[in-house]
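K.L.:
Compute the structure for the input listed below.
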Amino acid sequence: MKTPGAVLLLLWSALVVVAAEQSCLTEVRGMQRELITLVEQQREELRLAKAQVEKQIDALKNEAVRPSNVAFSTSFSVKTDKHIGPLKTDTTLLFDLVFTNVGNAYDTTTGLFTAPLKGVYQFNYHIFAGGDQGAGHGAGAKLFKNKDEVVTAYNHVAPHDINTSQSVILQLQEGDTVCLLLEAGWWVAAYTGHLTTFSGHLLFAVGY
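P.N.:
Numbers count the residues shown, from 1 in each chain. Have a look, this model is predicted:
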């Protein structure tokens, strides 16, 4: 028969074991909660990283379809020499003979060059007019960016052939348009030798 002291010792030992088990269980549960929190954090980080990678891939795809080279050179398509103007209203010149149109930014049906991307562009044009065929009017054209006049090439009435030209460098936003406008009362020659020309090209892109 066990003595009261032995019984108390056994009870005390049992209580110590139970307390130790409860302490371990509490620690395990705490570690489980920490692991769950860590997994959730890593899952969110992976989600954000995936979204960032997908965004970068989309940006690369969009950049890939943007024309890295843009250039055009045009004149008038004619079978015999003629002149355009003088007209009663301002008129956009339609250069329908395309020597080159890399990037397809120039539209022969509207006479508009539309910037396919944000960048710095150079434009050049040369106006020829054959002698006094303009019925006493000067020859020239104005270069417009969207609806704003930028530069003008003009020469007064002369008994001989008239030549005038202009060149300008412009920073354009994607979608900006550039064209040549024949002012009312002015004229240009459209000869088979293609003496009147309009051209432009991208110098470098901006912001890509």
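K.L.:
So what sits opposite Val102 in the bridge?
P.N.:
As for beta bridges, Val102 partners with Ala71 under DSSP bridges.
K.L.:
residues in contact with it?
P.N.:
Pro67, Asn69, Val70, Ala71, Phe72 (CB atoms under 8 Å, 6 or more residues apart in numbering). (C-beta placed from N, C-alpha, C; glycine too.)
K.L.:
switch to 7 Å and redo it
P.N.:
Asn69, Val70, Ala71 (CB atoms under 7 Å, 6 or more residues apart in numbering).
K.L.:
ok, the last one touching His201?
P.N.:
Yes: between Ala71 and His201 there is a contact at 3.7 Å, judged by CB atoms under 7 Å.
K.L.:
Now do the strands in the chain.
P.N.:
Here the chain has its strands, by DSSP state E, at 71-75, 82-84, 91-92, 97-102, 106-107, 112-114, 119-129, 139-145, 148-155, 162-172, 177-182, 188-190, 197-205.
K.L.:
Of all residues in the chain, which one is nearest the centre?
P.N.:
The chain has Leu117 as the residue nearest its centroid, 2.6 Å off, counting by CA atoms, centre = their mean.
K.L.:
so that one makes contact with Gly207?
P.N.:
No: counting by CB under 7 Å, Leu117 sits too far from Gly207 to count as a contact (8.8 Å).
K.L.:
hmm, back to that, any chance of a ChimeraX selection covering the buried ones in the contacts of Val102?
P.N.:
Buried residues among those (16 or more other CB atoms under 10 Å), as a ChimeraX selection:
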select :70,71
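K.L.:
Which of the strands of the chain has the highest mean neighbour count?
P.N.:
Among the strands of the chain, strand 188-190 has the highest mean neighbour count (mean count of other CB atoms under 10 Å), at a mean of 25.
K.L.:
Direction included, what does that one pair up with?
P.N.:
The strands that strand 188-190 pairs with in its sheet are strand 82-84 (antiparallel) (by DSSP bridges).
K.L.:
Check the offset of the partner strand from the chain's centre.
P.N.:
36 Å (CA atoms, centre = their mean, to the nearest Å).
K.L.:
repeat for stretch 168-185
P.N.:
Distance, centroid of stretch 168-185 to centroid of chain: 17 Å (CA atoms, centre = their mean).
K.L.:
Fine by me, we can end here.
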